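J.: Based on what follows, work out the 3D shape:
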Amino acid sequence: MNYPRLVEPDLNPTDWHGILQLGFEYRQGKTQLIRNQGQAPLKVQRPFYPEGDEVCHSVIMHTAGGIVGGDRLTFDFHLASGSQALITTPAASKIYRTNGREAHQVIRVDVAEGACLEWLPLDSIVFNQAIYRQTMQINLAQGANWLGWEITRFGRSARGEKFVEGNWRSRTEVWQAGKPIWIDRQWMPGSEENFASPHGLAGCPVVGSFAWVGQVVTPELVEKARELWAGSSGEIGVTRLSIGLLCRYRGHSSSEARRWFLAVWQLIRVSYFQRPACIPRVWQLEMR
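T.: This next block holds a predicted model:
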């Protein structure tokens, strides 16, 4: 497998440019992390195999503790044919209020034929006055699968903070064989109006998206995903993609969103991959 060379752009000396490049291959009945090249503050723990050799669990660490204005994080994930990987984080990501500059995270993913990536980071907390942009592009070969979620809390709600200043942008693109499958652009400019508007957050500090792309989903699976919703403070939506499923959450509880996403993940795992969901052990403290 050919990998692009890591190149550090010209940055302010005080900026962090974290880089992490991971490559997975399926060899002798086991998915192996065969490439691990990084630059602080990003690193990855040694691989875990809690559900057998076929699925490699990897945990990404951000050693600086949070993201500030001017930071740039670049991830490249490559999955060779037949490999299966689950990538997660050990704790919530914190995006601090800015110094007037934008922080940017870029994730590029290539998934070869018959491979599957599950991208399941823990929550992100966007502080008031943060300026942040994230971009994720997933390129799937025929017969490849990608599953991912994102849960974002706008403002430190426990402290009574709301996201009324700042700017948050997110763009996710999934392509297969050069054709766009799912393009999702979100923008949340911080203001009292947008925080309260039914077309914005509707007073709800937490939003979440769960997407799976790779196989045709039946209407029955969509109904089952809706029936799994057991929350009380939020609202949800479920729809089919051309080859996949999309779930949305808006509410007041990160835990509520996560519980539902976990239930949908379990449904997809059992229905399409003939294995139960396996919660990464690094989450155990987070899930109590």
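
J.: which one is residue 188 nearest to, not counting chain neighbours?
T.: Spatial nearest neighbour of residue 188, excluding adjacent residues (Cβ to Cβ, 6 or more residues apart in numbering): residue 168 at 4.4 Å. All C-beta atoms are positioned from the backbone trio N, CA, C, and that covers glycine.

J.: where along the stretch 51-200 of the chain do the helices fall?
T.: 192-196 (DSSP state H, counting those that start in this stretch).

J.: which intervals of it have sub-threshold pLDDT?
T.: Across the stretch 51-200 of the chain, not a single residue meets the criterion (pLDDT under 70).

J.: tell me the contacts of the closest residue to residue 124 other than its chain neighbours?
T.: Leaving aside its sequence neighbours, residue 124 sits nearest to residue 93 (Cβ to Cβ, 6+ apart; 4.5 Å). Listed by Cβ atoms under 8 Å, 6 or more residues apart in numbering, the contact set of residue 93 reads 62, 66, 67, 121, 122, 123, 124, 125.

J.: So the fourth one is in contact with residue 136, correct?
T.: Think residue 121. No - applying Cβ atoms under 8 Å as the test, residue 121 and residue 136 come out as separate, 10.8 Å apart.

J.: which residues do the two both contact?
T.: Counting by Cβ under 8 Å, 6+ apart, nothing touches both residue 121 and residue 136.

J.: Could you check which helix or strand contains residue 225?
T.: Using DSSP states H and E, residue 225 maps to helix 219-227.

J.: can I get the CA coordinates of that helix in CSV?
T.: Presented in CSV, the C-alpha positions along helix 219-227 are these (Å, rounded to 0.1, in the frame of the first residue of the first chain):
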residue,chain,number,x,y,z
PRO,A,219,-37.3,0.0,5.5
GLU,A,220,-37.7,-2.5,8.3
LEU,A,221,-34.2,-1.6,9.7
VAL,A,222,-35.1,2.1,9.7
GLU,A,223,-38.2,1.3,11.7
LYS,A,224,-36.2,-0.8,14.2
ALA,A,225,-33.7,2.0,14.6
ARG,A,226,-36.6,4.4,15.5
GLU,A,227,-38.1,1.9,17.9
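
J.: Packing partners of that helix?
T.: Applying 3 or more Cβ pairs under 8 Å, 6 or more residues apart in numbering; DSSP states H and E, we find helix 219-227 packed against strand 235-241, strand 244-251, helix 254-273.

J.: Switch the ones you listed over to TSV; also include mean neighbour count, mean pLDDT and distance to residue 194.
T.: Shown next, in TSV, are these (neighbours: other Cβ atoms under 10 Å; pLDDT from 0 to 100; distance: least, Cβ to Cβ, whole Å):
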stretch	mean neighbour count	mean pLDDT	distance to residue 194
strand 235-241	15	97	17
strand 244-251	21	98	13
helix 254-273	19	97	20
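
J.: Tabulate these (a markdown table), appending distance to residue 186.
T.: Below are the helices and strands packed on helix 219-227 laid out as a markdown table (distance: least, Cβ to Cβ, whole Å):
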| stretch | distance to residue 186 |
| --- | --- |
| strand 235-241 | 14 |
| strand 244-251 | 10 |
| helix 254-273 | 15 |
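
J.: Strands of the stretch 51-200 of the chain, start to end?
T.: In the stretch 51-200 of the chain, the segments counted as strands under DSSP state E, counting those that start in this stretch are 55-62, 72-79, 84-88, 93-95, 103-111, 116-120, 124-126, 131-140, 145-154, 167-176, 179-189.

J.: okay, these in TSV with distance to residue 36 next?
T.: Formatted as TSV, the strands of the stretch 51-200 of the chain follow (distance: least, Cβ to Cβ, whole Å):
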stretch	distance to residue 36
strand 55-62	9
strand 72-79	11
strand 84-88	12
strand 93-95	20
strand 103-111	16
strand 116-120	16
strand 124-126	24
strand 131-140	20
strand 145-154	20
strand 167-176	24
strand 179-189	29
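
J.: thinking again about what came up before, which parts of the helix holding residue 225 are buried?
T.: For helix 219-227, the neighbour count (16 or more other Cβ atoms under 10 Å) marks 221, 222, 224, 225 as buried.

J.: Quick check: the two most widely separated of these?
T.: Greatest spatial distance among those (Cβ to Cβ): 222 and 224, at 7.3 Å.

J.: Is residue 211 in contact with residue 182, as I believe?
T.: Yes - if you go by Cβ under 8 Å, residue 211 and residue 182 touch, sitting 6.5 Å apart.
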